[in-house]
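Colleague: structure for this input, please:
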Amino acid sequence: MWYFPIIPCLKSLFRNKTNAKLMRCHKEERKEDKMLRHPADGSQWRTIDRAFPEFEGDPRNIRFGLSTDGFNPFSELNSGHSTWPVTLCMFILPPWICMKRKFIMMPALIQGPKKPDNDIDVYLKPLVDELLQLWKEEGVRVWDEDKQEMFNLQALLFVTINDWPALSNLSGQTNKGYRACTHSLDDTDSMYLKHGKKVVYMGHCRFLHALHHLRESGMHFKGAPETRKKPLHHNGKHVFEMIKDVRVVFGKGLGNQPVPNDDDRRATMWKKKSIFWELPYWETIDVHNAIDVMHVMKNLCVNVLGFMGVYGPSKDTLEARWDLKEMGHGMTYIWKREITDSTTYAAAVLGNTGETSYELPVPETSVELTVLESMRETLASDEGLDSIDRMLGDAEPECLDARDLKKLET
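Modeller: Okay, here's the model as predicted:
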């Protein structure tokens, strides 16, 4: 592993007059109009300000965002080499600057060849030691070129932003199994699909407001109305109570000691106590780990479009229909004939072209057609316009075919 100390970098940054002035922009030049324009407008920023007023008193004190992920530096598809850079950005800078290469530091480079997985805490130890030094009351003496004065610089780790696997490695929470939800934690509603052979997460209607009409529609949740409240938010102190007694011996050899499975032989919710809990302020922070926007948008779009049958492999498989049948979800309109084997399934699902065809009830079809009506002027493809005109021409549409949606993909 290569480690590059961050304190000398911060001292060099404040020795530039322009950069030193930028470090105070969030306090002196930020527009405050109750709009979310900067991390300083968020609730987590205000929580830290209320908990640590002395830290908030100097706008030059830094709030870091940490990110890490693995990549193959050799660009060889047949190579399993994985190198993990650890980067820090400074959220006190203006949003259009904080993600520029000039202002991003790389304190650690884990050179592989294997990914660190759960042992990443061992490589983060030097960085945590520097963060502890920057959190002390006396901080680090730094020269401010803009104000022409010495001051005590302090800093804290504001949040980590990663993809889903890296989030699990940093937080210590398992990212698969029955309790993998980072919000619900031990109140995660999950079940195992016997035919699909995977764990899925249910109870999404719990997050709707109490009078929402979908709560009363039984087909949206195991055939019964949803009356439960949404899971409670777990702040840092609650999470710490869950993991304070977790003990792990890191390593991949014979001496390592991972967290054993629970009494039901399932993976536990926590696989380690993250090294970030050594930071005194980590309990005060509500959101410790976040998923980057790119992966959220990609995963959401791929799954939604895949479910509709317009992108990627179809989700409408024989195993999926068997599981839906056992769960009692919408059997009256998802398919019309009994699904018993692959031959019957193919006859019920596939048309002459071999494409999957879904059948929606009339109310849902009307909603889809309303959306297509709003898209009429924005589509540039003549083929797409012809498809919309043909579907909107039906006075009483009975179903919306996925083959029509595929023509609108472009």
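
Colleague: now residue 72. Nearest residue, chain neighbours left out?
Modeller: Nearest residue to residue 72, sequence neighbours excluded (C-beta to C-beta, 6 or more residues apart in numbering): residue 81, at 5.4 Å. Every C-beta, even on glycine, is put in place using the N, C-alpha and C of the backbone.

Colleague: ok, now which ones touch residue 103?
Modeller: Applying C-beta atoms under 8 Å, 6 or more residues apart in numbering to residue 103 gives the contacts 13, 89-90, 93, 97.

Colleague: tell me the predicted confidence for residue 145.
Modeller: If you check residue 145, the pLDDT there is 93.

Colleague: residues in contact with stretch 59-67?
Modeller: When contacts are defined by C-beta under 8 Å, 6+ apart, stretch 59-67 is touched by residues 10, 14, 20, 23-24, 26-28, 39, 45, 48, 55, 86-92, 131, 134, 144, 151, 153-162, 170, 292.

Colleague: do a quick rundown of the strands in the stretch 51-200 of the chain.
Modeller: For the stretch 51-200 of the chain, the strands defined by DSSP state E, counting those that start in this stretch occupy 62-68, 84-90, 105-110, 140-144, 149-153, 155-162, 190-193, 198-201.

Colleague: mind putting those strands into a markdown table with distance to residue 315?
Modeller: Listed next are the strands of the stretch 51-200 of the chain as a markdown table, based on distance: least, C-beta to C-beta, whole Å:
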| stretch | distance to residue 315 |
| --- | --- |
| strand 62-68 | 31 |
| strand 84-90 | 33 |
| strand 105-110 | 36 |
| strand 140-144 | 53 |
| strand 149-153 | 52 |
| strand 155-162 | 27 |
| strand 190-193 | 12 |
| strand 198-201 | 12 |
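
Colleague: the stretch 1-150 of the chain: helices as residue ranges?
Modeller: All helices of the stretch 1-150 of the chain, identified by DSSP state H, counting those that start in this stretch, fall at 7-14, 17-22, 25-28, 43-51, 53-57, 95-98, 120-135.

Colleague: got a list of what the nearest residue to residue 290 once chain neighbours are set aside touches?
Modeller: Spatially, and ignoring its direct neighbours in sequence, residue 290 is nearest to residue 161 (5.0 Å; C-beta to C-beta, 6+ apart). Neighbouring residues of residue 161 by C-beta under 8 Å, 6+ apart: 65-67, 289-292.

Colleague: can you check which of the strands of the stretch 51-200 of the chain gets nearest to residue 279?
Modeller: strand 155-162 (6.3 Å; C-beta to C-beta).

Colleague: quick one: contacts for the residue positioned nearest the centre of the chain?
Modeller: The residue lying closest to the centre of the chain (C-alpha atoms, centre = their mean) is residue 291, at 3.0 Å. Shown in contact with residue 291 (C-beta under 8 Å, 6+ apart): 161-164, 167.

Colleague: if you compare the helices of the stretch 1-150 of the chain, which one is most tucked away?
Modeller: helix 120-135 (a mean of 17; mean count of other C-beta atoms under 10 Å).

Colleague: average pLDDT for it?
Modeller: Across helix 120-135, the average pLDDT comes to 94.

Colleague: what do you get for stretch 163-171?
Modeller: 89.

Colleague: then stretch 80-91?
Modeller: 92.

Colleague: for it, buried residues please.
Modeller: The neighbour-count criterion (16 or more other C-beta atoms under 10 Å) identifies 82-91 as the buried residues of stretch 80-91.

Colleague: CA atoms only for it, dumped as CSV, please.
Modeller: Output of stretch 80-91 as CSV, limited to C-alpha atoms (Å, rounded to 0.1, in the frame of the first residue of the first chain):
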residue,chain,number,x,y,z
GLY,A,80,-8.4,-10.3,-11.9
HIS,A,81,-6.0,-7.6,-10.6
SER,A,82,-7.8,-5.0,-8.4
THR,A,83,-6.3,-1.8,-7.3
TRP,A,84,-8.2,0.4,-4.9
PRO,A,85,-7.5,4.2,-4.7
VAL,A,86,-8.9,6.1,-1.7
THR,A,87,-9.9,9.7,-2.5
LEU,A,88,-11.0,12.7,-0.4
CYS,A,89,-12.9,15.7,-1.6
MET,A,90,-13.6,18.9,0.4
PHE,A,91,-17.3,19.9,0.7
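
Colleague: rewinding a little: nearest to residue 325, of the strands of the stretch 51-200 of the chain?
Modeller: strand 190-193 (11.6 Å).

Colleague: output the closest one as PDB, restricted to C-alpha atoms.
Modeller: Extracted C-alpha coordinates of strand 190-193, given in PDB (Å, rounded to 0.1, in the frame of the first residue of the first chain):
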ATOM      1  CA  SER A 190     -37.400  -9.800   3.200                       C
ATOM      2  CA  MET A 191     -38.200 -13.200   1.900                       C
ATOM      3  CA  TYR A 192     -36.600 -16.000  -0.100                       C
ATOM      4  CA  LEU A 193     -38.000 -17.000  -3.400                       C
END
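
Colleague: mind listing what it pairs with, with the direction of each?
Modeller: Using DSSP bridges, strand 190-193 pairs in its sheet with strand 198-201 (antiparallel).

Colleague: what about the partner strand, distance to the chain center?
Modeller: On the basis of C-alpha atoms, centre = their mean, to the nearest Å, strand 198-201 is displaced by 17 Å from the centre of the chain it belongs to.

Colleague: got the CA coordinates for it in CSV?
Modeller: Output in CSV follows, covering the C-alpha atoms of strand 198-201 (Å, rounded to 0.1, in the frame of the first residue of the first chain):
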residue,chain,number,x,y,z
LYS,A,198,-32.8,-15.4,-4.3
VAL,A,199,-33.7,-13.0,-1.4
VAL,A,200,-36.1,-10.1,-2.3
TYR,A,201,-37.1,-7.2,-0.2
